[in-house]
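Asks: Next comes the sequence, and after it the predicted model I'd like to discuss.
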Amino acid sequence: MKLRAGRGFTLDEIKEAGLTAKYARTIGIAVDHRRRNKSQESLELNVQRLKAFQAKLIVFPVKAGKPKKGDSEAAELAAAVQHKGGLFPVEQVYAAPEARAITAEEKAGSAYMKLRYARSEARTLGAREKRARDKAEEEANKKK
């Protein structure tokens, strides 16, 4: 499965990294307010990416002579070099299944029939539940 960076970081990820969404946009971090975190692992991974980005980021002051809180120091500004490559790419995590011998049970069974059976079970589930519910009501009415 191919991972991709997506449209931006979630509001939770930005908050965990100690930023606000408004400030994050000003320093070049994409924010996607629609995205939701589905797992704690991905949230932590993205927070680490944000913190690494912040550590390497050099913020120039708006007015050269008057640096504000959060701006980089003069020594860092003098040594700054424009970076023109990709920033913190998403690492592809792929765990291939280990090779193993096919069991006799797997050889005997048909994968196609298993899929057909599962599909028919899913398709007829509602009708079976209704039939069982009606039967239970009928039994209850007979007892009365």
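Replies: Received, thanks.

Asks: what's the domain layout of this structure?
Replies: Domain ranges of the chain: 11-79, 104-143, per the TED database.

Asks: Next, format those as JSON lines and append mean neighbour count.
Replies: Yep, even glycine has a C-beta here, placed from its N, CA and C like the rest. JSON lines is the format used below for the domains of the chain (neighbours: other C-beta atoms under 10 Å):
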{"stretch": "domain 11-79", "mean neighbour count": "13"}
{"stretch": "domain 104-143", "mean neighbour count": "9"}
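
Asks: Redo those domains as TSV? Include mean pLDDT and distance to Gly86.
Replies: Shown next, in TSV, are those (pLDDT from 0 to 100; distance: least, C-beta to C-beta, whole Å):
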stretch	mean pLDDT	distance to Gly86
domain 11-79	83	12
domain 104-143	94	41
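
Asks: got the residue ranges for the helices in the protein?
Replies: With helices called from DSSP state H, the chain shows them at 11-16, 21-26, 40-56, 74-78, 104-108, 111-143.

Asks: can the domains of the chain go into JSON lines with extra columns for distance to Pro97?
Replies: JSON lines is the format used below for these (distance: least, C-beta to C-beta, whole Å):
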{"stretch": "domain 11-79", "distance to Pro97": "20"}
{"stretch": "domain 104-143", "distance to Pro97": "14"}
